[in-house]
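# take a look and give me a structure for this.
(one chain, ligands or ions: 2)
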Amino acid sequence: MDKLIITAAICGAEVTKEHNPAVPYTVEEIVREAKSAYDAGASIIHLHVRMDDGTPTQDKKRFKECMDAIKAVIPDVIIQPSTGGAVGMTDDERLQPTELMPEMATLDCGTCNFGGDDVFTNTENTIKYFGQRMIERGIKPELECFDKSMIEMALRLHKKGFILKPMHFDFVMGVNGGIGGDLRDFVFMRGSIPADATYTVAGVGRFEFPLAAAAIIDGGHVRVGFEDNVFLSKGVLAKSNGELVAKVVRLAKELGREIATPAEAREILGLKPL
Ligand code: KMH
Ligand code: ZN
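Numbering: from 1, shown residues only. Ligands and ions are numbered 1, 2, ... in the order given. Model prediction:
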């Protein structure tokens, strides 16, 4: 079984300091959270960025500032910018961080209700456009799937040449509008990808750690972080993203799975070595 790749989704676009005061907004706070996650065992930082007041942005300059600042402190970490951004952003606004030629970026594979009146829109043409841009820019997409139908979409667009193999999926489970986060949902998602694909699971809220344990046992990979969940355990806020990553490392140790370094993660995912 491959070593376990841990991704830390350190800030997201929807979660705020009202949910947990440690949610990072400023460049300094983003670096602090990225480093805490890396020091605890994360090899990938899934990155959204904010303005200092917490407003989510896909601004290329802000991304560059944050990515440069992270790389200055933890040069070997894999940075995976979001192209999802926040609900309501345009496609070209969302694609800006791909101009910085990151090793990876997210590619959201379908439209999803996001609670209340929010709809996270990813039409087939949007997905094709993003897939094509990532191929042109040599970026490995993390195929974010909030439901089984999005896996079908990714497989269809692979056949049409918009997504290359080896494919790496991220099952985001437990979103208000997407698939649930029970074990049977996980088994369904996990059983729906090709044998030569890899996957990460991101359980939202209370599903974070049970799904992490399932993926550890199954040979998959794990994403945790404030974007998905702000609690270390029921009613106990995590003080940092590092605390969430450290809990996954403890689970992995108990279950006999070793943790991948960034270099090992690059090898598992077929990324170029640094
Ligand atoms: N914030 C959501 C609207 C991604 O990072 O690609 C989209 C999202 C997915 O978080
Ligand atoms: Zn995200």
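
# CA only for contacts and neighbour counts going forward, please
Noted.

# ok, whichever residue of the chain sits closest to ligand 1 - contacts?
Nearest residue of the chain to ligand 1 (Cα to the nearest ligand atom) works out as Gly84 at 3.5 Å. Gly84 is in contact with Arg94, Thr106, Leu107, Asp108, counting by Cα atoms under 8 Å, 6 or more residues apart in numbering.

# just checking, which of the residues you listed belong to strands?
Among those, DSSP state E puts Thr106, Leu107, Asp108 in strands.

# which ones are touching the residue nearest to Ile179 when sequence neighbours are not counted?
Distance criterion Cα to Cα, 6 or more residues apart in numbering; nearest residue to Ile179, sequence neighbours excluded, is Asp147 at 4.9 Å. Counting by Cα under 8 Å, 6+ apart, Asp147 makes contact with Phe171, Val172, Met173, Gly178, Ile179, Met189.

# swap in Gly225?
With Cα under 8 Å, 6+ apart, Gly225 has these contacts: Ala8, Ala9, Ile10, Cys11, Asn241, Leu244, Val245.

# name the helix or strand for Glu29, please.
Assigning secondary structure by DSSP states H and E places Glu29 in helix 27-40.

# quick one: that helix to chain centroid distance?
Per Cα atoms, centre = their mean, to the nearest Å, the displacement of helix 27-40 from the mean C-alpha position of its chain is 15 Å.

# cool, and stretch 168-178?
On Cα atoms, centre = their mean, the centre of stretch 168-178 falls 10 Å from that of its chain.

# next: stretch 267-274.
Its chain's C-alpha centre and that of stretch 267-274 lie 17 Å apart, by Cα atoms, centre = their mean.

# so how far is the first residue of that stretch from its last?
11 Å (Cα to Cα, to the nearest Å).

# now do the buried residues in that stretch.
Buried positions in stretch 267-274, judged by neighbour count with 16 or more other Cα atoms under 10 Å: Leu269, Leu271.

# do stretch 89-104 as well
By 16+ other Cα under 10 Å, the buried positions in stretch 89-104 come out as Asp91, Arg94, Leu95, Gln96, Pro97, Thr98, Pro102, Glu103, Met104.

# in helices, which of the contacts of Gly225 fall?
Residues of the contacts of Gly225 located in helices (DSSP state H): Asn241, Leu244, Val245.

# identify the residues contacting the last one.
By Cα under 8 Å, 6+ apart, the contact set of Val245 is Ile6, Ala8, Ala37, Ala40, Gly41, Ala42, Val224, Gly225.

# now do the second one
For Leu244, the contact set (Cα under 8 Å, 6+ apart) comprises Ala37, Val224, Gly225, Leu232, Ala238.

# go through those residues and flag which are in helices.
Counted as lying in helices by DSSP H, out of those, are Ala37.

# farthest-separated two in the contacts of Leu244?
The most widely separated members of the contacts of Leu244 are Ala37 and Leu232, with 13.6 Å between them, by Cα to Cα.

# with neighbour numbers in mind, choose between those two.
A count of neighbours by other Cα atoms under 10 Å puts Ala37 above the other of Ala37 and Leu232, at 28 against 21.
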